[in-house]
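Here is my input; please provide its structure:
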Amino acid sequence: MSPKRGGKGTGKGGGAGAPGPAAARRTGLIVFGVAFIALFVIVAIAEGIGNPSVPSGDVLVVEDTPGDIGNVSQAEFDHALALAAKQGGEKKVPKPGDAKYEELKESAVNFKLEGIWIQGLANEWGIEVSDKEVAKQLAKVKKESFKSAAEFKKFLKESGYTSADVKERVKIELLSEKLQEELKERAPTPSQSDVENYYEAAKATQFTTKPTRDVRVVVNKDRKKAKAARAALTKDNTAKNWRKVAKKYSEDPTTKESGGLKKGVQEGIEEEPLNAAIFGTPEGQVEGPIKTKAGFTVFEVVNSTPESVQELETVESQIEATLAQQMEQEYFTNFVSQFQVEWSQRTFCADGYVTERCANYESNGRSKTAPEACYEANPKTPPEACPAPVNQLVPALPGTVTPLEPKGTPLAQRPRPAGEENEEAAAGLEGLPPGAVPPTEAPPSE
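Residues are numbered from 1 along each chain as shown. Next up, the predicted model:
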């Protein structure tokens, strides 16, 4: 299978880690930086799912989880909040109502949820981590990240972590790794037909080596001097004379001192009409001068290498690996999206602790990253840009979906002046990108 994939972090969900950059680097396996967790993105859940009461004394509850891990008590939340505050460089937890408090509160809630969700999913998939595995991994972390037991104790004191916290984070990471491995096993694999279709689509661009030619050239901006060079080379086109003539007449700095030799010139690289002349002239024949932007060129083909195509058998494993990685990534992306929705629907938070990951979250439809002026009737300072009120679907440009580009080229969306729609419809261009040629109308059937 392909190597593990990276992804975008959860952002606010990572607030309950170690207190500073140095500690975070030392304890990458402990703090909130697990690869599987980092792929979770916050999604808004629609209203109308239901809102079972959260038990008294609890901050949130996640339904259908093993044991009591789905219930987060006030004390557990307060501890996570304190950790988040230290991670944020705060000497103490800000007071409720403070903007920083709200930010840390959301980080603490998300931090607790992610650990619960991963443990819940692992339980449903029958994936377990033993105490022995946790102890072994923790010993490895201590050995690699801390010089001594005293340094580890110092870390616990400075970060606010307890030994139980550390063990839980190690356990969650181990579960995450096992879940990733299980996902790889569940991901679809390319069929022989998929491989063959990809090969045919990519043959001309990826698996074909264009013909090349080794040529000797003399380039001069003066036509008369270029003709004089050709006359001298026509009489004697030996390599020795080419070196003499190139040194005397050529103004091309890359070949002047090498007898005019240019190796491996690919078809289509040189400008026309020089390109056509080089690939249409037999070896050993002095031709020119041909006018180009650089001047007048006299040349001789000294060696030719024909086009070569790699057979399917030689690149089959390479194609299969490429397609497997693409399919695995798509499967994983879809899984993460579904995972977020499913577990958010099972999560309910007490009043004052509701985040976008809670089923009882009520969205106001506003983007957190958009300026407030976007939602004001008469803003004093109009915003430079505002997000679209709905997520726009981006269709593919017709004819661009291929085995090489499964999603095709995005069709550019743009506002159109009033009346343009009617003009496009009359011209048969409605729905096509600017400059597109409408399809030829099929002749009526007999």
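
C-terminal to the host helix or strand of residue 113, what's the next element?
Per DSSP states H and E, residue 113 falls inside helix 99-124. Following helix 99-124 in sequence order, the next helix or strand is helix 131-145 (DSSP H and E).

what angle sits between the helix or strand immediately after that following helix in the chain and helix 131-145?
Next along the chain after helix 131-145, taking DSSP H and E as the criterion, comes helix 149-159. Counting by axes from the mean of the first three to the mean of the last three Cα atoms, to 10 degrees, helix 149-159 points 100 degrees away from the direction of helix 131-145.

helices or strands up against helix 149-159?
helix 21-26, helix 74-87 (3 or more Cβ pairs under 8 Å, 6 or more residues apart in numbering; DSSP states H and E). Placement of C-beta: from N, CA and C, glycine included.

tell me, which of the ones you listed is the model least confident about?
Ranked by mean pLDDT, the helices and strands packed on helix 149-159 end with helix 21-26 at the bottom, a mean of 39.

longest helix anywhere in the chain?
helix 312-345 (DSSP state H).

From the contact counts, what lies against that one?
Other helices and strands packing on helix 312-345, by 3+ Cβ pairs under 8 Å, 6+ apart, are helix 99-124, helix 163-186, helix 192-206.

Can you give me the buried ones in that helix?
315, 319-320, 322-325, 327-328, 332, 336, 339-340, 343-344 (16 or more other Cβ atoms under 10 Å).

Could you list the low-pLDDT ranges of this protein?
1-52, 388-402, 404, 406, 408, 411-446 (pLDDT under 70).

longest strand anywhere in it?
strand 295-305 (DSSP state E).

which element follows that strand toward the C-terminus?
As assigned by DSSP H and E, the chain's next helix or strand after strand 295-305 is strand 308-309.

re the thing from before, other residues contacting the longest strand of the chain?
Contacts of strand 295-305 from elsewhere in the structure, counted by Cβ atoms under 8 Å, 6 or more residues apart in numbering, are 211-223, 226, 229-230, 233, 237, 242, 251, 260-261, 264, 274, 277-278, 281-291.

So which of those residues sit within helices?
223, 226, 229-230, 233, 242, 274, 277-278.

Nearest to residue 373 among these?
residue 274 (58.7 Å; Cβ to Cβ).

quick one on the thing from earlier: buried ones among the contacts of strand 295-305?
Taking 16+ other Cβ under 10 Å as the criterion, what is buried in the contacts of strand 295-305 is 212-220, 226, 229-230, 233, 237, 242, 260-261, 274, 277-278, 281, 286-290.

quick one on the thing from earlier: mean neighbour count and distance to residue 364 for the helices and strands packed on helix 149-159 - can I get that in JSON lines?
Listed next are those as JSON lines, based on neighbours: other Cβ atoms under 10 Å; distance: least, Cβ to Cβ, whole Å:
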{"stretch": "helix 21-26", "mean neighbour count": "14", "distance to residue 364": "34"}
{"stretch": "helix 74-87", "mean neighbour count": "20", "distance to residue 364": "24"}
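
Serialize these to JSON lines and add fields for distance to residue 369.
JSON lines is the format used below for the helices and strands packed on helix 149-159 (distance: least, Cβ to Cβ, whole Å):
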{"stretch": "helix 21-26", "distance to residue 369": "25"}
{"stretch": "helix 74-87", "distance to residue 369": "21"}
